[in-house]
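Chemist: quick one, structure for this:
(chains A, B, C and D)
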Number of protein chains: 2
Amino acid sequence: MERSSTPPGGGSRREATRQKLYEAAVTLIAEQGFSATTVDEIAERAGVAKGTVYYNFASKSVLFEELLRHGVELLTDSLREAAERTERDGGTKVDALDAMIRAGLVFISRYPAFTQLYVAELWRTNRAWQSTLMVVRQQAVAVIEDVLREAVASGELSDEIDIPLTAAAMVGMVLVAALDWQSFQPERSLDDVHSALSRLLQGRVGGNR
Amino acid sequence: MERSSTPPGGGSRREATRQKLYEAAVTLIAEQGFSATTVDEIAERAGVAKGTVYYNFASKSVLFEELLRHGVELLTDSLREAAERTERDGGTKVDALDAMIRAGLVFISRYPAFTQLYVAELWRTNRAWQSTLMVVRQQAVAVIEDVLREAVASGELSDEIDIPLTAAAMVGMVLVAALDWQSFQPERSLDDVHSALSRLLQGRVGGNR
DNA sequence: GTTTTTGCACTGACCAGTCAGTTCAAAAAG
DNA sequence: CTTTTTGAACTGACTGGTCAGTGCAAAAAC
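Modeler: Take a look at the predicted model:
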């Protein structure tokens, strides 16, 4: 049983296998959806035997759930980090929001398949991993809501804004713009996309009254 | 042997069956996804035999494609109508955008399942109905882009805005805010949600510079 | 006005194929 | 030696699609 020497990452052998399975699963499920993706396909794409999948994960859906948790954790960390960095650098709260938008775009362009898959599952009901999804969603949205709340507290934003709705709208703005960017005009630069969204957020589109 | 005579409802018997199948399919697929939804389930929910599904549609995916076409047509008409009505009433282009946001919200609250399903499929690749989806997406986005373009032409909006990206961002804003509204705080009124989004569009959130 | 025919719309049992998950002996890796 | 992986065979439930047959109301025939 050939094995490709020591995995570059440094983790245990098992962890490396898990990672390969995540990567295989995420692209396949993003393309085809969870149900249409077979365990055989995942194993093949990852270059392991089917038995290995079941040695590492209890079931197909457990693999998927852990994938979701893993991915959203990356996103949440990245958003939080962006906000904190801005804070340290003496930026305003609005600057922090802007930095989070950029961080969101960076994340989506780095992990487009994960994003796709997440969006496709988020608003479904009656699925096994529904609760996992809710928890994980709340973690990510909370980061944005926190910054919005601070911005209101500091008087930077009007206290008339609706925090959860505004957060959701911002997520949607970034998500859809980024997915469209990736799918339909991938030649555009990240800065391009970011500046279009900044302009929208900062009210240089709709005219003010 | 003439068939034509119209049964009570108004449409032919066949059309009524098709409608029932659409309704059954849209909720099931929104909940579970395309592949996880069986033709047996669709038939049962619609109260017809499985054979009837295949009598009316060539295949499961054809049923789904026609469903997509049908739904997006409703949306597109509604958006266009909102924009035209505003125009007739002497509103500005920005007013038209605002009216379209409202029309979007109304549509989503009326057909949440369809919206869910559409979002879940839109960015997938390698699926049979990919091309249908693209066509239908373009129809809807074009309506928004047209109004944005007119607003720029009339000087109402800066000509520095990126039309396709701004349109995508607006779609995302409405989509995600509305889905979150439906899923997580359904008690909110449409006006509530609409005013939060208006505020965002019209730059009363991010502070101006 | 009664009987017969026609064909659309629908039915549901059935089939051939697919897939998640299991099993396990053996081999590789460490 | 222990942990991990392999790989192939197997199971049993499930699924998309098929097809011979039914019901029925309008049309045709008488």
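Chemist: can you give me the domain boundaries for chain A?
Modeler: A:10-57, A:68-201 (automatic domain parsing).
Chemist: remind me, longest helix of chain A?
Modeler: For chain A, the helix with the greatest residue count under DSSP state H is helix A:60-88.
Chemist: for it, packing partners?
Modeler: helix A:13-32, helix A:93-110, helix A:112-122, helix A:130-153 (3 or more C-beta pairs under 8 Å, 6 or more residues apart in numbering or on different chains; DSSP states H and E). C-beta here means a position set from N, CA and C on the backbone, and glycine is covered the same way.
Chemist: just to revisit the earlier point, out of the domains of chain A, which gets nearest to DNA strand D?
Modeler: domain A:10-57 (2.8 Å; C-beta to the nearest atom of the strand).
Chemist: the closest one vs DNA strand D: in contact?
Modeler: Yes. Residues of domain A:10-57 are located near DNA strand D by C-beta under 7 Å from any atom of the strand, namely A:12-14, A:16-17, A:47-52, A:55-56.
Chemist: show me how far that domain is from its chain's centre.
Modeler: 19 Å (C-alpha atoms, centre = their mean, to the nearest Å).
Chemist: tell me how far the residue nearest to residue A:116 when sequence neighbours are not counted lies from residue B:36.
Modeler: In space, not counting the residues next to it along the chain, residue A:116 is nearest to residue A:30; the distance is 4.2 Å by C-beta to C-beta, 6 or more residues apart in numbering or on different chains. Counting by C-beta to C-beta, to the nearest Å, the gap from residue A:30 to residue B:36 is 16 Å.
Chemist: settle it for me: which of these two has more neighbours?
Modeler: residue A:30 (24 against 17; other C-beta atoms under 10 Å in any protein chain shown).
Chemist: the more buried one touches residue B:127, doesn't it?
Modeler: No. Counting by C-beta atoms under 8 Å, residue A:30 stays clear of residue B:127, with 11.2 Å between them.
Chemist: name the element the closest residue in space to residue A:145 that isn't next to it in sequence belongs to?
Modeler: Spatial nearest neighbour of residue A:145, chain neighbours left out: residue A:167 (4.8 Å); criterion: C-beta to C-beta, 6+ apart. Element membership of residue A:167 [criterion: DSSP states H and E] is helix A:163-184.
Chemist: mind listing what's buried in the helix or strand just after that helix?
Modeler: Using DSSP H and E, the next helix or strand after helix A:163-184 towards the C-terminus is helix A:190-201. Within helix A:190-201, the residues scored as buried using 16 or more other C-beta atoms under 10 Å in any protein chain shown are A:193, A:194, A:196, A:197, A:198, A:199, A:200, A:201.
Chemist: with stretch A:103-116 instead?
Modeler: Residues of stretch A:103-116 classed as buried by neighbour count (16+ other C-beta under 10 Å): A:103, A:104, A:105, A:107, A:108, A:111, A:112, A:113, A:114, A:115, A:116.
Chemist: make a markdown table out of the residues you listed and add distance to DNA strand C.
Modeler: Output for the buried residues of stretch A:103-116, formatted as a markdown table (distance: C-beta to the nearest atom of the strand, whole Å):
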| residue | distance to DNA strand C |
| --- | --- |
| A:103 | 34 |
| A:104 | 31 |
| A:105 | 33 |
| A:107 | 28 |
| A:108 | 27 |
| A:111 | 23 |
| A:112 | 23 |
| A:113 | 18 |
| A:114 | 19 |
| A:115 | 22 |
| A:116 | 19 |
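Chemist: okay, those residues in a markdown table with pLDDT next?
Modeler: Shown next, in a markdown table, are the buried residues of stretch A:103-116 (pLDDT from 0 to 100):
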| residue | pLDDT |
| --- | --- |
| A:103 | 97 |
| A:104 | 97 |
| A:105 | 97 |
| A:107 | 97 |
| A:108 | 96 |
| A:111 | 96 |
| A:112 | 95 |
| A:113 | 95 |
| A:114 | 96 |
| A:115 | 95 |
| A:116 | 93 |
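Chemist: can I get those in CSV including distance to residue B:66?
Modeler: Below are the buried residues of stretch A:103-116 laid out as CSV (distance: C-beta to C-beta, whole Å):
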residue, distance to residue B:66
A:103, 40
A:104, 35
A:105, 35
A:107, 36
A:108, 31
A:111, 33
A:112, 29
A:113, 29
A:114, 31
A:115, 29
A:116, 24
